[in-house]
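Participant: Below is the structure, and that's it, no one-letter string:
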């Protein structure tokens, strides 16, 4: 079981995630005769066997590197093939916590979709719990089933059914679902809600979360929940934000003033030097830069250019030492000799809306034990 | 691992356990279910604990006379108005206006729950399509506080609430001018105020957190429910794991982890005092034997300087033991057990290879976290919670150049609640601020001398102040650290 439990050493047959970068992770099953080809080079599986999970390895040719990770539901969410819009970690973690899903919980999920949340739920309910997931789209169902199988979670704890729960309900032959938590990610959850009473636990408080992108869906969902005896109905929206942290240079206004003063001082120094040069050599500026150079002979021009060079050489102002902000230098973020302030901002594009989460609860039947 | 005893959350209200009482006003109270004791819910009444024993957790009750209760459907009759709304209690002021008492016995008393629901449904009131005729002059409600007090005395037990609500509506001169939604909101507020109902819930980590957020959020480092959920998810918490935890929420995080682990695995609690602060755990019902088996605590001195902190214990020979007086012998065994325990925990910590580091601490993470990294297994998550963003920003910047950490990420999650009434859905005007931030990364083993091995980046040489300097070095290796 690669998604449940922990493993230290990579062995033949393990499912691992080859981490290329944040957006690229490749799930591979270790087979000593195979090689993983990536844009960072080729990596033979043989070179991975016996390594600790988390190890960074170099490609067979020695350049390009990848990390070998043990898959988790969260890493899977970042790397999985998107078949549908997926439930991201801020939503999935909140739903799990709010519905009180723990090891041993019996959870119904419909539909399975890209099976991102399924993996997270399977991890949390663990081998002691149950996840009954339903998908009405045949190709998606088959894809998800194959994934669960490859990931070692099919059967325990995941049961997947190809089913339209809105029309055909949730019952599974010879299985008492007895669910304690329900997650409905369906186009019309209100049509599935009437089918729930037969499959939910009557001994415990049962929680439901309906995941819908449109407010109109929420409206109909609430009405259906009310009608079927669900209480404490509340809709919320979860907004996850990632922050990028960096350092920016502290640029003091006083330093900017000082730098301007320095520029001015050196400018005056240049003028003064030039003035002195002219008087020392008994020449005028016009001698060096005449108004009309057309009449000039080649020899006159060459002499004048020589003089000009001499003038520039002797009136040169020394390069400034004062460069508080490292102008013209390629300063690395955080480089010593400058002061820095730590800042953060949101990522360039943020998910402003995933879906509305409508929660409700059903009381246990009034049976005194 | 699978041979370890299983634990499952209690589902039935039993003597000796704890429970959280949720009142119609959403106020919460944690109680111990002691035999023969009764609980005072203030204006919601008094009941005997024995009355609720044997019902499943999650059950709602109504307070009757003589400390009795009756199991009912829900605290609030939701089909009248399912929403939580946070508007001002305008009804309260209205209730204090001029008196116009009617005879108290005019109110029929429905017996069953469904009768009550029907009764509330059939209240003979009209509604308006808008609020054009509403003038807030504070006299619309003609029932006075004195009338209400009188009703409380004359109506019996559980029916007080309904009787009062009924009276309030009947004597509210402009009730029929309110819109349907407004009437519903009004009814809900009155239910919250007067219905003598309560729900008994299991003291789950979510319930505990909510209880402390309302009571004293600083005790739980201002952590929101969504931050706690994310902390557990990013930490990949599951049964059978061995986790390194620094928990300054009084043990709330430990409690939440235990809930996810269900009796299997181990939590190494790292703390900075003589003993860890696990005051929150006293409200939970994890069996002591399970806590002893699963929760180990170690202070940071023992953790970071294990060799000096191991207890050197001089064992006596059987002959020496025989010569000891019995009280000395007891003392010897106690000392021996203590030393063995400390040494076992130190050995455990030294063995490292933890499956996650979960940190909710005010210690400076930039120096603390690097010291913890060697104790973690490869490919394992490190998750740090802080109620402030700045310490995590600083940690994140530092992590970008730490090759032992992969994909450091800084994120937050906010929850925006809505007024949940069909046709009237909108975000609430106010919501809780704060709630904290989360840093997460994966511990990895970097390839040694990775820079020297391959062509790790393009290096450009440039003359700066007469010196050759490598500039614009792009380290492909750390590509993964961008966020």
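Facilitator: Yes, it's here. Given the structure is predicted, the values throughout are model-derived calculations rather than measurements.

Participant: what sits up against stretch B:38-52?
Facilitator: With contacts defined as C-beta atoms under 8 Å, 6 or more residues apart in numbering or on different chains, stretch B:38-52 is touched by B:13, B:15, B:21, B:23-24, B:29, B:31, B:33-37, B:59, B:61, B:63, B:67-69, B:157, B:195-198, B:200. Every C-beta, even on glycine, is put in place using the N, C-alpha and C of the backbone.

Participant: and with 7 Å instead?
Facilitator: With C-beta atoms under 7 Å, 6 or more residues apart in numbering or on different chains as the test, stretch B:38-52 has contacts from B:13, B:21, B:23, B:31, B:33-37, B:61, B:63, B:67-69, B:196, B:198, B:200.

Participant: The residue of chain B at minimum distance from chain A: how many residues sit nearby?
Facilitator: For chain B and chain A, the shortest gap (C-beta to the nearest C-beta) falls at residue B:378, measuring 2.2 Å. Applying other C-beta atoms under 10 Å in any protein chain shown, we find 24 residues neighbouring residue B:378.

Participant: How about the one 3 residues further on?
Facilitator: Around residue B:381 there are 24 other residues, counting by other C-beta under 10 Å.

Participant: what's the nearest residue to it once chain neighbours are set aside in contact with, if anything?
Facilitator: Nearest residue to residue B:381 in three dimensions, chain neighbours excluded: residue B:356, at 5.0 Å (C-beta to C-beta, 6 or more residues apart in numbering or on different chains). Residues in contact with residue B:356, defined by C-beta under 7 Å, 6+ apart, are B:235-237, B:241, B:243, B:380-381, B:383.

Participant: Phi and psi next, for residue B:356.
Facilitator: Note on residue B:356: backbone dihedrals following degrees, to the nearest 10 are phi -170, psi 150.

Participant: Equivalent analysis for residue B:344, please.
Facilitator: Residue B:344 adopts backbone torsions of phi -60, psi -40, taken as degrees, to the nearest 10.

Participant: Quick check, pLDDT for it.
Facilitator: On the pLDDT scale, residue B:344 is placed at 95.

Participant: sorry, back to before: cross the contacts of stretch B:38-52 against strands and list the overlap.
Facilitator: B:21, B:31, B:61, B:63, B:69, B:198, B:200 (DSSP state E).

Participant: wait, the first one sits on residue B:32?
Facilitator: No: Residue B:21 sits out of contact with residue B:32 when judged by C-beta atoms under 7 Å, with a separation of 11.4 Å.

Participant: and residue A:327, what is it in contact with?
Facilitator: Here residue A:327 is in contact with no residues (criterion: C-beta under 7 Å, 6+ apart).

Participant: Let's verify it: helix, strand, or coil?
Facilitator: coil (DSSP: H, G, I helix; E, B strand; the rest coil).

Participant: in the stretch 51-200 of chain A, what residue is nearest chain B?
Facilitator: Closest contact between the stretch 51-200 of chain A and chain B, by C-beta to the nearest C-beta, is at residue A:54 (2.2 Å).

Participant: and if you look at the stretch 151-300 of chain A?
Facilitator: residue A:205 (2.7 Å).
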